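*Asks:* Here's a sequence, model it:
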Amino acid sequence: MNYNPYVNVQNVMEEARKTGGIDRRFFDVIKHPQRETKVYLPVEMDDGEVRVFEGWRVQHSNIRGPFKGGIRFHQDCDLDEIRALSVWMSLKCAVVDIPFGGAKGGVRVNPSELSRRELERLTRRYTFAIEPLIGPDKDIPAPDVNTDAQTMAWVLDTYSMLNGRPCPGVVTGKPVELRGSRGRASATGKGVVISTKLILARSGLKLPDVSVTIQGFGNVGRYAAKAFHEQGAKVVAVSDISGVLYDADGLDIPSISEFAKTKAPLSTFNDGHAEHLSVGDIFAVPCDVFVPAALENQIDETTAAVLKCSYVIEAANGPTTEAGDRILAERGIQLVPDIFANSGGVIVSYFEWVQNIQELTWERDRVTDMLDDIMSRAFGEVLEEMARSSCSLRIAAYIVALKKLVYAEEIKGIFP
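*Replies:* Residues are numbered from 1 along each chain as shown. All right, here's what the predicted structure looks like:
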């Protein structure tokens, strides 16, 4: 059966509704996105050819604040994926209790096939197409898969030009020089490490006690690996789409991180110590903590059965299927769900937005301390719900988020 992330998230929401005793009347209001927009993007390529790309912006819920969510460029983007990601964003903001709703954007494109100038023209055209939908008090995009601070700079400039004034609050994850926040680039990876520390503490463990495997070495995986390494954990394996680097004694993460900045595949890295494995071998590497930091649908009934770990910390959105969840539970592998584990990015995006609105700049230490405080408090709330409802951490996190969203809908009422 083909995996559909939107069906997956709706099924998990329904399970959480039943487990948490959430009334269906207003639950149905937030089960589906409020708005879905599809755009066609003509772009002149460097050779003079004109190509038309498909793009989307899905806005799930703004009941608790402006829509918020990244923009991804990927050849496999489709509407159901963007829908699911928008729902996850609403849940993520609610579970950590920041005043944003969920949205997501995407363009179906393989960015590796485009030049820098072509990517800029595509980004600006996409921004022009969704400009009526976005704004500092309406919908605030951010980076996602295959987009970064440079992409956000192009979005910011295009939106500002169309509105005749600088509008830094329209995006987060932009360069610090354009009023981005210190600590934003590393925030999701740091949040993954905070999540790991919180779940380990329940068993009396600390980071230096564990070994870590990270699937995916993009922005999130790379910063997570660096933070794990700096705090004493032993990172034994990392991977990208080209292959796996493995060393049972611990990889040289600083060297690998520097190498990754060149955009060269990990399969070409050679320091004389790391062993090269095939991509699929990442799931069978013995470790204490497995961190999926790639795309959706990675831990399914097949890969969940071969994992050799005690903990899964979901750095990616939707990396585990329903069948994968069941197998992990049967095997006693503890999982920290994506809507909590990778919330560091949106939390620090909130900090960035607040700084832009108030025209302030915060120091990195303040950002890091506030991130730790918010995630620790939210984790405590999820643990309380898990004990109250006798359920998994994933279902508990969904219940916490859904209760907040449903209550907001209920007290607001239905217009007109």
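*Asks:* so residue 244 sits in a helix?
*Replies:* No - under DSSP: H, G, I helix; E, B strand; the rest coil, residue 244 sits outside any helix and is assigned strand.
*Asks:* Now it: closest residue in space, sequence neighbours ignored.
*Replies:* Distance criterion C-beta to C-beta, 6 or more residues apart in numbering; nearest residue to residue 244, sequence neighbours excluded, is residue 277 at 3.9 Å. (C-beta placed from N, C-alpha, C; glycine too.)
*Asks:* neighbours around the one you found, how many?
*Replies:* 17 (other C-beta atoms under 10 Å).
*Asks:* and what of residue 303?
*Replies:* Residues within reach of residue 303, counting by other C-beta under 10 Å, total 22.
*Asks:* For residue 239, see how far away the closest residue to it other than its chain neighbours is.
*Replies:* Closest residue in space to residue 303, ignoring its immediate chain neighbours: residue 283 at 4.5 Å, by C-beta to C-beta, 6+ apart. Counting by C-beta to C-beta, to the nearest Å, the separation of residue 283 from residue 239 is 10 Å.
*Asks:* Overlap in contacts, those two.
*Replies:* Shared contacts of residue 283 and residue 239 (C-beta atoms under 8 Å, 6 or more residues apart in numbering): residue 215.
*Asks:* Need the residues that contact whichever strand or helix holds residue 17.
*Replies:* Using DSSP states H and E, the element containing residue 17 is helix 5-20. The contact list for helix 5-20 (C-beta under 8 Å, 6+ apart) reads 22, 24, 27, 31, 80-81, 83-85, 87-88, 91, 296-297, 318, 321-322, 385, 389, 391, 394-395, 398-399, 402-403.
*Asks:* Of all the residues in that helix, which ones are buried?
*Replies:* By 16 or more other C-beta atoms under 10 Å, the buried positions in helix 5-20 come out as 5, 6, 8, 9, 10, 12, 13, 15, 16, 17, 19, 20.
*Asks:* Widest-spaced pair of the residues you listed?
*Replies:* Across those, the longest distance by C-beta to C-beta is 21.9 Å; it joins 5 and 20.
*Asks:* Report the mean confidence score over stretch 84-103.
*Replies:* For stretch 84-103, the mean pLDDT works out to 97.
*Asks:* list the buried ones in that stretch?
*Replies:* 84-96, 98, 100-103.
*Asks:* From one end of it to the other, what's the distance?
*Replies:* 9 Å (C-alpha to C-alpha, to the nearest Å).
*Asks:* now it, how far from the chain's geometric center?
*Replies:* Centre-to-centre, stretch 84-103 and its host chain are 11 Å apart (C-alpha atoms, centre = their mean, to the nearest Å).
*Asks:* and if you look at stretch 333-345?
*Replies:* With C-alpha atoms, centre = their mean, you get 9 Å for stretch 333-345.
*Asks:* Repeat that for stretch 95-107.
*Replies:* Stretch 95-107 sits 10 Å away from the centroid of its parent chain (C-alpha atoms, centre = their mean).
*Asks:* what ranges do the helices span in the protein?
*Replies:* 5-20, 24-30, 79-95, 116-130, 149-163, 187-201, 219-230, 253-260, 303-306, 322-330, 338-341, 344-358, 364-389, 393-412 (DSSP state H).
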